[in-house]
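A.B. asks: sequence and predicted structure below; questions after.
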Amino acid sequence: MNFREYKIGSRMFGVALGGSMCITLLLPSLDIASVEATNVSMDKQLTAGYETGWNVYDPLMLGHHKPIKVLLKTDPTSGKAMEPEYAYVYEKGTPFPGGVNHPNNLGGRAQRLSLSIGKIGEAHSGAGAVFLIKTDDQKRAYIEDATITMGWNPDAVLKAAGDENVSHAGAGKTLFVREGCWWCHTLLPEQTQDWQVFGAPPMLGDFNGESPTAFGSDRKAPDLLHVGSRNSSREWMMLHFYNPRLVQPHSIMPRFDYLWGEVDAEGKKIDYAKWDSEFNAYRAGKRDVPPDVPTYAANSEVRWLIDFVLNMK
Ligand code: HEC
């Protein structure tokens, strides 16, 4: 007996496995490459950088190695006032997003414009880069590497912008994924009456180069795709993340107070136990007002998360 059946069987198994791997890995990229990336997808991927799920650059999902989105009001080279414009700053060593690493993800036209006028093929993550979203005279969007086209470097752009114009929305998206916000919240208003409440649904082309997308599959809480347009109050977000029951007495949303970290904005240690006992006293009617929520430190995780939430316009 020479095990003929086994040989045929194992080869067929190999072909089936290899074939399904090819379908899974290659066909979606063909599909994505045939759709033109919209401004929205360019903004999302430049804001979030390389992967906001698990990845080798940020294995513990701490929100590290992420780009910084800034609203630039002065020209970083001349120091003169300019028409405000968003710039996406990639400091030295920050890995680039899908669309810059693989421009074919942008779709044919945006790929051509981004490579020819935008010069994104010359960007090097080792040296750092500053990206912009531009439109040509026919209003077609593409990505531009301002490091090459205008000689802007990451440090100069951060300095010209100033901390008040800086958003860590990219790091915040990592936290959105890590903290499991998507168990309850979708980022996908469905094509129903949802539109009237949660705003316009996303369009084909809004997801090119984004990884992972955070549609969510099962909604237990409001859709957040446009939450920054209906509620832009940082103060409200702060109260709500510290303890949702401060603003919505019957909310089922968990507390995210631990994202404040050890210390507050003044460097004072946060006493969580004291806060809890004061809040319990308030709930029991023994106090008239709830305790104050500590102001978060500028480099705390909750700041990044709020930056991400408010960035969803
Ligand atoms: C257990 C489910 C659950 C989880 C997990 C959860 N939320 Fe919520 N969230 C809710 C519910 C319910 C509401 C509506 C009531 C309220 O405002 O608290 C809400 C409201 C919100 C709102 C206000 C929405 C609006 O329309 O104004 C924001 C912003 C928000 N959540 C962000 C987050 C973020 C960010 C995370 C992850 C860090 C998160 N949520 C995790 C259930 C959840």
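C.D. replies: Perfect, thanks for sending it.
A.B. asks: for the rest of this, base every contact and every neighbour count on C-alpha atoms.
C.D. replies: Fine.
A.B. asks: residues near Leu132, how many?
C.D. replies: Leu132 has 20 neighbours, counted by other Cα atoms under 10 Å.
A.B. asks: please, which helix or strand holds it?
C.D. replies: Under the criterion of DSSP states H and E, Leu132 resides in strand 129-135.
A.B. asks: what about Trp152, distance to Met82?
C.D. replies: 14 Å (Cα to Cα, to the nearest Å).
A.B. asks: looking at the two, which has the bigger crowd around it?
C.D. replies: Taking neighbours as other Cα under 10 Å, Trp152 and Met82 compare with Trp152 leading, 19 against 12.
A.B. asks: ok, now which ones touch Ser211?
C.D. replies: Contacts for Ser211 (Cα atoms under 8 Å, 6 or more residues apart in numbering) come out as 45, 50-53, 98.
A.B. asks: try it again at 10 Å.
C.D. replies: Each residue near Ser211 by Cα atoms under 10 Å, 6 or more residues apart in numbering is listed here: 44-45, 48-53, 97-98.
A.B. asks: my read: Glu85 touches Leu132, true?
C.D. replies: Yes. Taking Cα atoms under 10 Å as the definition, Glu85 is a contact partner of Leu132 at 8.3 Å.
A.B. asks: among the contacts of Ser211, which are within reach of the ligand?
C.D. replies: Here nothing survives when the contacts of Ser211 are matched to the ligand using Cα under 6 Å from any ligand atom.
A.B. asks: contacting residues for the closest residue to the ligand within the stretch 101-250 of the chain?
C.D. replies: The stretch 101-250 of the chain approaches the ligand most closely through Cys181 (3.5 Å), counting by Cα to the nearest ligand atom. Contact partners of Cys181, counting by Cα under 10 Å, 6+ apart, are 175, 214, 216, 221, 253-254.
A.B. asks: now it: how far from Trp275?
C.D. replies: Cys181 is 24 Å from Trp275, where distance means Cα to Cα.
A.B. asks: Arg140 now?
C.D. replies: The value you get for Arg140 to Trp275, if Cα to Cα is used, is 52 Å.
A.B. asks: now Lys313
C.D. replies: Distance from Lys313 to Trp275, counting by Cα to Cα: 33 Å.
A.B. asks: distance between the longest strand seen in the chain and the chain's centre?
C.D. replies: If each strand of the chain is counted by residues according to DSSP state E, the longest one is strand 81-90. Centroid separation between strand 81-90 and its chain, computed with Cα atoms, centre = their mean, to the nearest Å, is 18 Å.
A.B. asks: ok, now stretch 281-293?
C.D. replies: The chain centroid and the centroid of stretch 281-293 are separated by 35 Å, computed with Cα atoms, centre = their mean.
A.B. asks: contact partners of that stretch?
C.D. replies: With contact meaning Cα under 10 Å, 6+ apart, stretch 281-293 is reached by 235, 238-243, 245-246, 249, 257, 264, 270, 274-280.
A.B. asks: in strands, which of these appear?
C.D. replies: Using DSSP E, no member of the contacts of stretch 281-293 sits in strands.
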